[in-house]
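Colleague: Quick one: sequence plus predicted model below, questions after.
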Amino acid sequence: MTLQEVLAARPSPGQPRAYDFPSFERTVLPSGLQVLAVHVPGRPLVSANLVVRRGAVDEPADVAGATILAARAMTEGTQRYPGVELIEAAERLGATLHVDASWDAFMVSVDVAATRLGSALELLAELAERPTFPESDVARLRDERLNDLLQVKADPRRRVEHAFAATIYTPESPYARPAGGDEASVPGLTPEVLRGVHGSLLNPRQAAIVIGGDLAGLDVAHMVEMVLGSFGGSPAAAGTRTGAGAPAGDAAGAPTPRADSAVDHPIVRFYHRPGAVQTELRIGHVGLRRRVPDFHAVLVMAAILGGLFNSRLQMNLREEKGYTYGVGAGFDMRRGAGPFSVRTAVQTAATVPAIAESLSELRRIRETRVTPAELAAARDYLVGVFPLRFETPGAVVGTLGGLFIHELPDDELARYRQAIEAVTIEGVQKAAQDHIDPARLAIVAVGDAVAVGTELQVAGFGEIEVIAEEMPAEAGEGDEVAE
């Protein structure tokens, strides 16, 4: 059989299956805490997620990393269940407890059988409101973070991520520093500091609990009020709101985090690693916050540029030029403007050509219209994978938590597929022109600057700065080659 016959015999893509995001109800308790209940029939494993619209971005710089360290330390024990007794209490219920923190939010969650939801919510409330932050456990977790920072220096991929953020944001912008803290802030994260951060999280006006699964016969709002009715201790104006038109935020919306750009002209910042066989590359600038009017057009544009396996960047740098095993690009949308970046790793000899081709694709997505085939492929992909994201109640709950974090309308998910399908060729080009700015691109690299120095100068990508770093004593050349 010839290649043409094989290609002709391939199955064609099917039509996206029908899917409606589950409807949910919202209740606001007297304290101001929101309760979002989503009934998913036939799913007896229920997920409950307490979300606070406060994260690492809200920390003062001198205690950077405190929110994430507090999240890790909370499961080390509570007032009622010290140490391992907390885990044992969860195991008796057949439940799993999680505490997590991100740039944007703080989350305490539990997964449990629907028949034991009441007891599991009591355990969640205990964990959320009464952690003890034992001195020895905080010290251990603090040391783990400091050791992790040493590993960051040795790992080119993680090092370039930290360096890229510090390059594109001003020092006053929280996003310029690592979410988990750095060498200056982490040593000062004592149990007292973590208790202070934890206390700032107990604000019912900035919190919601999202519960999803088979909730038949369960009065979820009443169950939550019994265990979390006094969450934070300060009552607020309350009421009940249900239906697709209800607002996701409240009067106490979180302020937009500061995300100022430190770059106003093209620059190249190269972190020199003598003898490195690869160069880790990041090319980009300060991007977008999640709440942007053309969100769906941006998604389609980013998919065409660098989000699909057959994206423009991938077809150019991997398939045509053979510079890399993979390349991606996109916007990390947060409560504040997160970064836009092209991300790849290439052999040292391909460093300058790979940068040149990446810049060419960034210009092309702005200057030339995408083809109907490109538009159709991106839209079909985004529409097709949408239902796959919500196979479990945990995924549904997590996504609804995102609506609360970003203060998005309740119908955001119900209209997602229609909004993607409505994106046009003109909309894609406008999104690229509005949100990709070649005039303020930062090119950040970790690799052998000496090996590519002359070629880099000749290319004229922008103002060049080479930074020589001392590697941690335990990180040697073998670590770099393995990476």
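Modeller: Ah, there it is.
Colleague: from here on, contacts and neighbour counts on C-alpha atoms
Modeller: Fine.
Colleague: Look up how far A208 lies from V138.
Modeller: Here V138 is placed at a distance of 27 Å from A208 (CA to CA, to the nearest Å).
Colleague: now A61
Modeller: A61 is 27 Å from A208, where distance means CA to CA.
Colleague: And the two? Which one has more around it.
Modeller: A208 (28 against 19; other CA atoms under 10 Å).
Colleague: pLDDT weak spots in the stretch 351-483 of the chain?
Modeller: Applying pLDDT under 70 to the stretch 351-483 of the chain picks out residues 471-483.
Colleague: show me where it has strands.
Modeller: Remark: strands assigned in the stretch 351-483 of the chain by DSSP state E, counting those that start in this stretch are 442-447, 463-468.
Colleague: okay, the ones you listed, which one's buried deepest?
Modeller: Of those, the one with the most neighbours on average (mean count of other CA atoms under 10 Å) is strand 442-447, at a mean of 27.
Colleague: Need the contact partners of stretch 411-431.
Modeller: For stretch 411-431, the external contacting residues (CA atoms under 8 Å, 6 or more residues apart in numbering) are 20-21, 244-245, 294, 296-298, 300-301, 365-372, 375, 379, 382-383, 386, 403.
Colleague: For ChimeraX, write a command that selects the buried ones of those.
Modeller: Typed into ChimeraX, the line below selects the buried ones among the contacts of stretch 411-431, using 16 or more other CA atoms under 10 Å:
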select :244,296,297,298,300,301,365,366,369,370,375,379,382,383,386,403
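Colleague: Any stretches of this protein with poor pLDDT?
Modeller: Using pLDDT under 70, the chain drops low at 1, 3, 6-8, 10-17, 233-253, 471-483.
Colleague: what do you get if the cut-off is 90, keeping everything else the same?
Modeller: Along the chain, the model assigns pLDDT under 90 to residues 1-22, 232-256, 387-389, 391, 469-483.
Colleague: and the longest helix for it?
Modeller: If you go by DSSP state H, the chain has its longest helix at helix 135-154.
Colleague: Tell me the helices and strands packed up against that helix.
Modeller: Helices and strands touching helix 135-154, by 3 or more CA pairs under 8 Å, 6 or more residues apart in numbering; DSSP states H and E, are helix 66-74, helix 156-168.
Colleague: Switch the ones you listed over to CSV; also include distance to E469 and mean neighbour count.
Modeller: Shown next, in CSV, are the helices and strands packed on helix 135-154 (distance: least, CA to CA, whole Å; neighbours: other CA atoms under 10 Å):
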stretch, distance to E469, mean neighbour count
helix 66-74, 27, 26
helix 156-168, 11, 22
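Colleague: Pull the residues that contact stretch 255-262.
Modeller: By CA under 8 Å, 6+ apart, the residues outside stretch 255-262 that reach it are 57-58, 167-170, 172-175, 285-286, 335-338.
Colleague: Please indicate which of those residues are buried?
Modeller: By neighbour count, with 16+ other CA under 10 Å, the contacts of stretch 255-262 hold 57-58, 167-170, 173-175, 285-286, 335-338 as buried.
Colleague: Which of the residues you listed sits closest to A101?
Modeller: Set against A101, the nearest of the buried ones among the contacts of stretch 255-262 by CA to CA is V57 (10.5 Å).
Colleague: what's near enough to touch the closest one?
Modeller: W103, D104, P174, Y175, A179, P257.
Colleague: if you set the cut-off to 7 Å instead, what comes out?
Modeller: With contacts taken as CA atoms under 7 Å, 6 or more residues apart in numbering, V57 has the following neighbours: W103, D104, P174, Y175, P257.
Colleague: Of the residues you listed, which belong to helices?
Modeller: When the contacts of V57 are checked against helices using DSSP H, none is located there.
Colleague: export those residues to JSON lines and tack on distance to A66?
Modeller: Formatted as JSON lines, these follow (distance: CA to CA, whole Å):
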{"residue": "W103", "distance to A66": "12"}
{"residue": "D104", "distance to A66": "14"}
{"residue": "P174", "distance to A66": "13"}
{"residue": "Y175", "distance to A66": "15"}
{"residue": "P257", "distance to A66": "17"}
